[in-house]
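Q: Sequence first, then the predicted structure, then my questions.
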Amino acid sequence: MTENETSAPAGPPPAQLAPVGTAAEADATNAPPGGAGSGQRPPAEDRWSRATKHVEGAPEVHVHVPRPPRWYAVLWSSKKARIGIVMLAFFVFIAIFAPMLTPHDPNDSSFVPVQDPSGEHWLGTNTLGFDIYTQLLFGTRLSLAIGVLGGLGVTLIALLIGMVSGYAEGTWLDDGLSFLTNLALVVPVLPLMMVIVAYSETRGLGLLVFVVAITGWAGHARTKRAQIITLRSREFVTAARFGGDGMLRIVFREIMPNMTSLVVSGFIAASTAAIAAEAGLSFMGFGDPNTVSWGQMLFQANANGALVQGLWVWLLVPGVFLALITTSLSFVNFGVDLLSNAQLREEEN
Amino acid sequence: MRYYARKTGYFLLTLWAAVTLNFLIPRLQPGDPAEVMVRQLTGRDGEIDPTQIEAVRAMLGYADENVFVAYWKYLQQLAQGDLGVSFTYYPFTVGEVIGQALPWTLGLIGVTQILAFLLGTFLGTYAAWRRNSRFDSFISVGSTFLGNLQSFWIGMIILFVLAYELGWFPAVGGYGYTTPGWNWLFVADVLSHAFLPALTLMVTAPIGFILGMRNTMVQELGGDYIRLAQAAGLPDRKVALGYAARNALLPTVTSFALSLGVLMSGSILVEQLFDYPGMGRLMGEATSNRDFPLMQAILLTTITIVLTASFVVDLLYGVIDPRARKSR
């Protein structure tokens, strides 16, 4: 999470490198808001790599211009991203086929407690009589769900506030939104989440997503604001403005398609944070009581003396899975960074 | 001077916004906190007496229908340091309960934050200076790996190994059987109890500083003034530490306050795990007991601490970087 936020404003702004075309061209490749960007062809990068080929091949007369790499080819070209994608696919597979991978029910506590791993219970059972392996499999579902939904929520709020504030830089609107962003940035996230959850009557996935989104957007909004400030003085924006387009149209249909990869990497970082936040909240006992999650497994392990009794499997496995899923996401993000920053791509190859 | 005036004004404004946010949060919720509280007292199926709800509402300061009147009263009470009466620790006031817990957390977080800052900037500087060395890749890969672990999970492993298996440190609490006071026995007791929570936080706390420092330092090392210094024949170490590191330190200083907020969140989980008698554990208690006055006061206190730290850092920043003072 910190990786992206620190590097994005510091390094050369990625999309700025690309000679961006006319408004019409940019318009033709609109991304959906919050665009996870699947199936999208990033236009700016294609043009840029073609441009470098020209410069490098200057002495020769006949320059063979190969087809610029597609986004998935770039993503796959990075070793880290490849590992990340494979790991993520593994978790998605588990989440989808969880009921077929285990004969037991995650909420079934009728087993003999504290069994050692065996053919019947691959990772044994805990002191409450749950099958640890089954709970682990089903916990993947909640983590992935909170990652996708929480990431989307954060991205939507961050886009709205960051883009509008950045486009309106210097006005009272920007001052107000920036103040709000800076305030939200310094408020410690976990206490705020806990207060909101404590006031709520119901517990569940919806509440978790809401809490994650409402507390996590500030850093991303700031990155997007900084990015749009570098983009908004470009010719195609001026052209659109003279063409009579309104602010929201310019921001979301002209400028945003040029920062798709930045938005995607923000989304992935937000998903990672959301998964971690759910684990923390569940560990404090504020999770969704109707579903099994890794955070709740750890909460129960702590509350029921897994430490004292030396039930290390109960303790170790959910934490390792949490670490693996967040690692896989940050690995995928290395690849996404390659998409937005062509310089990095050169270094990698 | 204008720089300091502007920063002070900004600090007061954010403080006011935080206070107002704290006032608004319970009022923006769909449910009625007073009803929740009464229901909690009577049990889920118990009969609810409307007068009880009225009484609780008055106690929480919700009796006035007019929001502005309530807001004014809230500000007045806050100015007098009156945060209400704790529900869990009745008849103690929220102020007294927090006063008990605050020193523990401030000590734990303060020491870890400063150590993390020193260690993180040092490692980050060294990694950037010896860029692409074995040490650099070790630090980068190690930070990425540790950064993906949950602090409370690290704490569980540390607790399991160092306290339960090896028995080197006490597992829970803030102090053992010594009587509190300023004597060596008690101080040593407190330190041995604080060691494991602090160690847990120290695993992840320096990572932000390491990565931030490394990134900015690498950029600074590419600057023209570095090339000039090298061309002038200054020794390598002086160029790296005296020139690049000094400039690279500036953005890291600004991230100090933000990382304090992150550390605060982490300390809630870690205190809960180690049953450490600080604000984090209190927050856990307050939220699970739905002790609204206590919970809100803790939130306000944590926000105030972070805001104050960020204000102090801003002032210091003006001292160490003249450019910031003179701009605008």
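A: That came in fine, so what should we check first?
Q: secondary structure element for the residue of the stretch 101-250 of chain B found nearest chain A?
A: Going by CB to the nearest CB, chain A is nearest to B:Trp153 of the stretch 101-250 of chain B, at 3.6 Å. In this view, the C-beta of every residue, glycine as well, is placed from N, C-alpha and C. In the assignment (DSSP states H and E), B:Trp153 maps to helix B:151-158.
Q: which other helices and strands contact the helix or strand that that helix is followed by?
A: Sequence-wise, the next helix or strand downstream of helix B:151-158 (DSSP H and E) is helix B:184-221. On a contact count with 3 or more CB pairs under 8 Å, 6 or more residues apart in numbering or on different chains; DSSP states H and E, helix B:184-221 meets helix A:2-10, helix B:94-129, helix B:134-147, helix B:151-158, helix B:246-274.
Q: Can you list the buried residues in the last one?
A: Okay, so that is helix B:246-274. Neighbour-count burial for helix B:246-274 flags B:247-249, B:251-253, B:255-274 (criterion: 16 or more other CB atoms under 10 Å in any protein chain shown).
Q: near chain A at all, it?
A: Yes: Helix B:246-274 reaches chain A (CB under 8 Å from any CB of the partner chain) through B:Ala257, B:Leu258, B:Gly261, B:Val262, B:Met264, B:Ser265, B:Gly266, B:Ile268, B:Leu269, B:Gln272, B:Leu273.
Q: got it, and the third one?
A: Yes: legend: contact between helix B:134-147 and chain A by CB under 8 Å from any CB is shown at B:Thr144, B:Phe145, B:Gly147.
Q: Type out the ChimeraX command that picks the buried ones from those.
A: Selection of buried members from these for ChimeraX, criterion 16+ other CB under 10 Å:
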select /B:144,147
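Q: thinking again about what came up before, isn't the residue of the stretch 101-250 of chain B closest to chain A up against A:Gly319?
A: Yes: B:Trp153 is within contact range of A:Gly319, at 3.6 Å (criterion: CB atoms under 8 Å).
Q: coming back round to it: from B:Leu159, how far out is the residue of the stretch 101-250 of chain B closest to chain A?
A: 10 Å (CB to CB, to the nearest Å).
Q: got it, and B:Ser192?
A: 14 Å.
Q: who has more neighbours, those two?
A: B:Leu159 (25 against 14; other CB atoms under 10 Å in any protein chain shown).
Q: check contacts around the more buried one.
A: A:Leu307, B:Ala171, B:Leu196, B:Leu273, B:Phe274 (CB atoms under 8 Å, 6 or more residues apart in numbering or on different chains).
Q: Assess the claim that the fourth one and B:Gly155 are in contact.
A: Yes: taking contacts as CB under 8 Å, B:Leu273 lies within contact range of B:Gly155: 4.7 Å.
Q: who touches both of these two?
A: Joint contacts of B:Leu273 and B:Gly155 (CB under 8 Å, 6+ apart) are B:Pro197, B:Thr200.
Q: quick one, helices of the stretch 101-250 of chain A?
A: Using DSSP state H, counting those that start in this stretch, the helices found in the stretch 101-250 of chain A span residues A:132-167, A:172-186, A:189-199, A:205-216, A:218-231, A:235-242, A:247-249.
Q: Give me the contact list for stretch B:126-138.
A: Residues contacting stretch B:126-138 (CB under 8 Å, 6+ apart): B:139-140, B:210, B:213-215, B:217-218, B:221, B:240, B:244-245, B:248.
Q: Now which of those residues would you call buried?
A: For those, buried by 16+ other CB under 10 Å: B:139-140, B:210, B:213-215, B:217-218, B:221, B:240, B:244-245, B:248.
Q: got CSV for these, with pLDDT too?
A: Below are the buried ones among the contacts of stretch B:126-138 laid out as CSV (pLDDT from 0 to 100):
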residue, pLDDT
B:Ile139, 88
B:Ser140, 83
B:Ile210, 91
B:Met213, 89
B:Arg214, 89
B:Asn215, 87
B:Met217, 88
B:Val218, 87
B:Leu221, 86
B:Ala240, 84
B:Ala244, 86
B:Ala245, 86
B:Ala248, 86
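Q: nearest to A:Ile96, of those residues?
A: B:Ser140 (33.9 Å; CB to CB).
Q: Which one of the residues in the stretch 201-328 of chain B is closest to chain A?
A: B:Ser265 (3.5 Å).
Q: List the contacts of the residue nearest the centre of chain A.
A: Most central in chain A under CA atoms, centre = their mean is A:Ile268, positioned 1.6 Å from the mean C-alpha point. Shown in contact with A:Ile268 (CB under 8 Å, 6+ apart): A:Gly151, A:Leu329, A:Ser330, A:Val332, A:Asn333, A:Val336.
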